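Colleague: model the structure of this input:
(chains A and B)
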Number of protein chains: 2
Amino acid sequence: MDEQRARRPGGRSARVGAQVHQAVTELISERGYGNFTIGEVAARAGVADSSIYRRWGDLEALLCDVALNRLNSRSPMPDTGSLDGDLRTYASQVAREITGPEGPAVLHLAVALANAGERGVQARDALRTERVRQLQSMLDRAHERGESAPDALTVLDYVLAPMYSRVLFGMGPLTPEYVDGLVDRLP
Amino acid sequence: MDEQRARRPGGRSARVGAQVHQAVTELISERGYGNFTIGEVAARAGVADSSIYRRWGDLEALLCDVALNRLNSRSPMPDTGSLDGDLRTYASQVAREITGPEGPAVLHLAVALANAGERGVQARDALRTERVRQLQSMLDRAHERGESAPDALTVLDYVLAPMYSRVLFGMGPLTPEYVDGLVDRLP
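Modeller: Numbering: from 1, shown residues only, chains lettered A, B, ... in the order given. So this is what the prediction gives:
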């Protein structure tokens, strides 16, 4: 009995979690952040409303969980052997992510979290901290190889911020030339 | 009779418009974008729900109108006589706007519009087009004086995007040193 009820990978709990996360991601893409209810998530995921309330408590907590989960499951930071190679690969990964079918939704979610109360702000800060930490590990490897490297905030300002802004404000595609140009401009 | 019913500046229609816009701005600041109803806007503004429905149709259209109105009423672009002076003044104006009490709300609104259907996307595009147009007029004046000037998209990428991203992701204050540093880095 205890064994059956335990949460284990591949078990019922993990399956429900994956279905609910998928439903949330789809609904964000289709309707925009927050324009749906727990009941609609449940119907889409094929689970009972009560399963969602029991596990996540409310929609806000569920949205935070989805945001964090998506960030943590992202492709690992590149390790090409040179900072230049790492930065170009990383920049093009991010460009693909945020312009992909679910990319704008994740970006909007991160932004919308800041308006979703204290818990939302915490989730947004966790998202940002994780992204900066990943970036810093890449820059640390460059330092260990004896390469000079910009700091993480400089990479954010020069490479990530322009891409984020262009996507958020609907400013055209992020072409490979554009993305490479951002890396070229790093001091 | 016709005279009394005409919309004129300072008339009843303008007064209701100003009260409703103020109510929306306050509610966005307090609760975040979209976390309120037409009824709550009406109560805050001291007008009848039906006045809002008749004039704007729905909450989405009202939010778009507020966003456009705020952009259009912004302080004029600086004209200091040199591009360097104009850019520094402009950058510090934008920094003040987006970190002021209502700044994050306006920024979030612009972002949220993209998730608010076709009309929202049109309003967001209008916001962006207006901002680029203002910027371009400043750069054109520099060209007319014989100064070399970056293009508007370069100013967006180097100066505006980092400030937007830092505010959106909750990354610390925009100090005068930071803002001036962004202008210094322009190619």
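
Colleague: pretty sure residue A:49 sits against residue A:38.
Modeller: Yes: the criterion here is Cβ atoms under 8 Å, and residue A:49 meets it with residue A:38 at 6.0 Å. C-beta coordinates here come from the backbone N, C-alpha and C atoms, glycine included.

Colleague: more neighbours: those two, which one.
Modeller: A count of neighbours by other Cβ atoms under 10 Å in any protein chain shown puts residue A:38 above the other of residue A:49 and residue A:38, at 17 against 14.

Colleague: what about that one, distance to residue A:20?
Modeller: 10 Å (Cβ to Cβ, to the nearest Å).

Colleague: residue A:150 now?
Modeller: Residue A:150 is 39 Å from residue A:20, by Cβ to Cβ.

Colleague: which one of the two has more residues nearby?
Modeller: Between residue A:150 and residue A:20, counted using other Cβ under 10 Å, residue A:20 has the larger neighbour count: 24 against 17.

Colleague: domain-wise, how is chain A divided?
Modeller: The record assigns chain A these domain ranges, following automatic domain parsing: A:2-57, A:70-184.

Colleague: which of those domains sits most buried?
Modeller: Ranked by mean neighbour count, the domains of chain A are led by domain A:70-184 with a mean of 17 (mean count of other Cβ atoms under 10 Å in any protein chain shown).

Colleague: quick one: the helix or strand in which residue A:121 is found near chain B?
Modeller: Residue A:121 belongs to helix A:117-144 when assigned by DSSP states H and E. Yes: using Cβ under 8 Å from any Cβ of the partner chain, helix A:117-144 reaches chain B at A:121, A:124, A:125, A:127, A:128.

Colleague: show the contacting residues for the nearest residue to residue A:56 once chain neighbours are set aside.
Modeller: Of all residues not flanking residue A:56 in the chain, residue A:62 sits nearest, at 4.1 Å (Cβ to Cβ, 6 or more residues apart in numbering or on different chains). Residue A:62 makes contacts with A:20, A:24, A:38, A:41, A:52, A:56, as judged by Cβ atoms under 8 Å, 6 or more residues apart in numbering or on different chains.

Colleague: elements contacting the helix or strand where the fifth one lies?
Modeller: Translated: residue A:52. Here residue A:52, judged by DSSP H and E, is contained in helix A:49-56. With contacts taken as 3 or more Cβ pairs under 8 Å, 6 or more residues apart in numbering or on different chains; DSSP states H and E, helix A:49-56 sits against helix A:12-31, helix A:38-45, helix A:59-72.
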